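Novice: any chance you can model this:
(one chain, ligands or ions: 2)
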Amino acid sequence: MQDSRSPRRLRRGSNGRFRPSQEVKPAASRPVCRRPEHLAEISSMRLIDGTGAPIDPAIMSDTLATSGVVFIRDGDLPTLIELLLTFSELYHHPHEDSVGITRIEGASSASTIGHPGRQAFSRDALPLHTDRAMVAAPPTLATLLTVQAPAQGGEALLADLAPAIHRLTRLPDLAEACRSAVLVSADRQAPVLEPLGPAGYRFRYRNDAIARSRLLSSCGWPVLEELRKLRNTPRVVRMSAGDGYIVHNHRYLHGRRSFSGDRQMIRLLASSDIPVITAQALRTHGG
Ligand SMILES: O=C(O)CCC(=O)C(=O)O
Ligand SMILES: [Fe+2]
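Specialist: Numbering: from 1, shown residues only. Ligands and ions are numbered 1, 2, ... in the order given. Below is the predicted model:
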């Protein structure tokens, strides 16, 4: 690709890390985004839904609000950033290499011992989770792009919480259920299922060294029971270089299987006002 095609082309710095040739500006100062139509001209990246049907980049927000996930084929980082900036803003992460962008490679598990937040940088499995689950407003979108697939393992794990949201929002004591199912980390507590007024509900979940769920009263049991059932039945997605996914981080949990050999992923976090699920889509999950 030519440099003129993207204003935020990424180059490798002297330390081997990706960095934008023009710094990606923090959300507040970023200029209005370009329309997504030109993306097809600059890259062979394709977007598909869970059945393999193509997705128009111009309706990404709608697609994510309806189905919660979009899969990437033949993706590359500059095009992905361009795409995300047409409908969202990059979101800071403490381990990022540049705003919202983190390179994730496998190291020995020993190097992450004592650093609970760094398990992603090992070759270990990552159980299903919400990214940045313990902050007040977790990113709306979590995107993973495969740069190098490992010799073995490393498949993505995905789980849609929409059917669970559908069932739980019919609970007679929903407000109390929301209050009593919480995630607890070393220094924080956050609701697993959080009412957001007209915007619906937001899920967050982890069951790892960063945070675990806890019941404050038995009213929250149905919430955690939904998650317990879901943990054992994730969708397993094998990804080659250029493959990836974008999930609504308040609706879909993601994770990975353990792997051996070299593997390199790029994680991009972003925020937007995309609803967790549209009312119409929620109804379809009720059958
Ligand atoms: O390595 C992966 O496939 C997922 C990484 C991840 O979920 C994370 O870093 O939060
Ligand atoms: Fe993650």
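Novice: which residues does I104 bridge with?
Specialist: When assigned by DSSP bridges, I104 has beta-bridge partners M265.
Novice: tell me the pLDDT of R9.
Specialist: Note for R9: predicted pLDDT of 36.
Novice: give me the secondary structure label for whatever residue of the stretch 101-250 of the chain ends up closest to ligand 1.
Specialist: Per C-beta to the nearest ligand atom, A120 is where the stretch 101-250 of the chain lies closest to ligand 1, at 3.2 Å. C-beta here means a position set from N, CA and C on the backbone, and glycine is covered the same way. What DSSP: H, G, I helix; E, B strand; the rest coil gives for A120 is helix.
Novice: what about it, distance to Y245?
Specialist: 15 Å (C-beta to C-beta, to the nearest Å).
Novice: what about stretch 71-89, average pLDDT?
Specialist: Stretch 71-89 comes out at a mean pLDDT of 96.
Novice: is it anywhere near ligand 1?
Specialist: No: using C-beta under 6 Å from any ligand atom, stretch 71-89 never reaches ligand 1; the gap is at least 13.0 Å.
Novice: and that stretch, how far apart are its ends?
Specialist: Terminal residues of stretch 71-89 are spaced 19 Å apart (C-alpha to C-alpha, to the nearest Å).
Novice: check which residues of that stretch are buried.
Specialist: 71-73, 75-89 (16 or more other C-beta atoms under 10 Å).
Novice: measure the residue of the stretch 101-250 of the chain closest to ligand 1 to T146 for me?
Specialist: 14 Å.
Novice: who's more crowded, the two?
Specialist: T146 (22 against 19; other C-beta atoms under 10 Å).
Novice: what sits against the closest residue to R202 other than its chain neighbours?
Specialist: Excluding the flanking residues, the one nearest R202 by C-beta to C-beta, 6 or more residues apart in numbering is H250, at 4.1 Å. Counting by C-beta atoms under 8 Å, 6 or more residues apart in numbering, H250 makes contact with 130, 138, 140, 201-204, 276.
Novice: and H250, helix, strand or coil?
Specialist: Following three-state DSSP, H250 is assigned to coil.
Novice: what's it sitting at in phi/psi?
Specialist: H250 adopts backbone torsions of phi -100, psi 0, taken as degrees, to the nearest 10.
Novice: check which helix or strand covers V223.
Specialist: Secondary structure from DSSP states H and E places V223 in helix 221-231.
Novice: so the residue in the stretch 151-287 of the chain positioned nearest to ligand 1 bridges to which residues?
Specialist: Scanning the stretch 151-287 of the chain for the residue nearest ligand 1 gives R256, at 3.6 Å (criterion: C-beta to the nearest ligand atom). Listed beta-bridge partners, R256: L126, A156 (assigned using DSSP bridges).
Novice: just list what the helix holding V223 packs against, helices and strands only.
Specialist: Judged by 3 or more C-beta pairs under 8 Å, 6 or more residues apart in numbering; DSSP states H and E, helix 221-231 is in contact with strand 126-129, helix 162-168, helix 174-180, strand 181-184, strand 212-215.
Novice: neighbours of T233, just the number please.
Specialist: Neighbours around T233, by other C-beta under 10 Å: 8.
Novice: surely it is in contact with L158?
Specialist: No: using C-beta atoms under 8 Å as the test, T233 is too far from L158 to be in contact (10.8 Å).
Novice: low-confidence ranges, this structure, go.
Specialist: Regions of the chain meeting the criterion pLDDT under 70 cover residues 1-42, 287.
Novice: residue numbers of it in contact with ligand 1?
Specialist: Contacts of the chain with ligand 1, taken as C-beta under 6 Å from any ligand atom, map to 104, 120, 126, 131, 144, 156, 254, 256, 265, 267.
Novice: quick one: the last one from S218, how far?
Specialist: Taking C-beta to C-beta as the measure, R267 and S218 are separated by 37 Å.
Novice: likewise for the first one?
Specialist: Here the criterion is C-beta to C-beta. By it, I104 lies 38 Å from S218.
Novice: out of the two, which sits in the busier spot?
Specialist: I104 (18 against 10).
Novice: residues touching that one, list them.
Specialist: 120-121, 264-267.
Novice: and the residues you listed, which are buried?
Specialist: Buried by 16+ other C-beta under 10 Å: 120-121, 265-267, out of the contacts of I104.
Novice: that's all I had, so thanks and see you.
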